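Chemist: This is the structure alone, sequence omitted:
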């Protein structure tokens, strides 16, 4: 299991400062959509320059112009980009083709999928490398969470990354379903001691 740390911070300098303390614990560093909206490909370039040995995922959430966007972020140094499952298969295929031609992997964001089971089933043939299950976890909706997880898991052999507002209180339940990676954002980057939190999650995964 991998730990992906997401930086959804408006201030690029602040994000880079926080990253300096916690990058060692991350298998993948995610440049969040908010950071990309505010700073564009410059954010990816800055992170790649500062952490050249780290895998960088740009949460591009592509819905159109997949070829151009994939090439743009590949040039900036991204190792992964994201495309939305709800967009057209033409856009998805254009994204994956351009990405793979530039040695970039593509993650399928299922948050806008009309049928997550169907999207999971079709993903591999579209050239997708991993799936993103972007479902907030709560005790009240735990059965819904698990039902959706089963629909995804039962229809693919691709890696599945889970982003579910993960914190110390719910992480063990998320880990129990055995995703291929967990994505933690503000639970680490917004903590008073972000390095301590990052180390906590990294140690938890390393014990598995």
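Modeler: Done, it's in. Computed from a prediction, not measured in an experiment: that's the story for all the values here. Numbers count the residues shown, from 1 in each chain.
Chemist: Now the element after the helix or strand harbouring residue 67, going C-ward?
Modeler: If you go by DSSP states H and E, residue 67 is part of helix 66-76. Counting by DSSP H and E, the next helix or strand C-terminal to helix 66-76 is strand 80-84.
Chemist: hmm, who's touching the helix or strand just after that next one?
Modeler: Sequence-wise, the next helix or strand downstream of strand 80-84 (DSSP H and E) is helix 89-101. Residues from elsewhere that reach helix 89-101, judged by C-beta atoms under 8 Å, 6 or more residues apart in numbering: 62-71, 74, 81, 83, 85, 105-106, 108, 122, 126-128. Placement of C-beta: from N, CA and C, glycine included.
Chemist: just the angle between helix 89-101 and helix 66-76, please?
Modeler: Relative orientation of helix 89-101 versus helix 66-76 (axes from the mean of the first three to the mean of the last three C-alpha atoms, to 10 degrees): 30 degrees.
Chemist: Which helix or strand lies directly C-terminal to helix 89-101?
Modeler: strand 105-109.
Chemist: now what about that next one, what contacts it?
Modeler: Contacts of strand 105-109 (C-beta under 8 Å, 6+ apart): 57, 61, 70, 79-85, 92, 95-96, 99-100, 119, 123, 126-132, 134, 161.
Chemist: Just the buried residues of those residues.
Modeler: Taking 16 or more other C-beta atoms under 10 Å as the criterion, what is buried in the contacts of strand 105-109 is 57, 61, 70, 79-85, 92, 95-96, 99, 119, 123, 126-132, 134, 161.
Chemist: Could you list the low-pLDDT ranges of the chain?
Modeler: The chain contains no residues with pLDDT under 70.
Chemist: Do a quick rundown of the helices in it.
Modeler: 12-22, 33-39, 41-50, 66-76, 89-101, 116-123, 142-153, 171-176, 186-189, 194-206 (DSSP state H).
Chemist: The last one: how far from the chain's middle?
Modeler: Chain-centre distance of helix 194-206: 18 Å, with C-alpha atoms, centre = their mean, to the nearest Å.
Chemist: Kindly report the same for the shortest one.
Modeler: Between the mean C-alpha point of helix 186-189 and the mean C-alpha point of its chain there is a distance of 14 Å (C-alpha atoms, centre = their mean).
Chemist: What of the fourth one?
Modeler: Remark: helix 66-76 is offset 17 Å from the chain centroid, using C-alpha atoms, centre = their mean.
Chemist: Other residues contacting that helix?
Modeler: Residues contacting helix 66-76 (C-beta under 8 Å, 6+ apart): 41-42, 44-45, 48, 58, 60, 62, 81, 83, 91-99, 102-104, 106.
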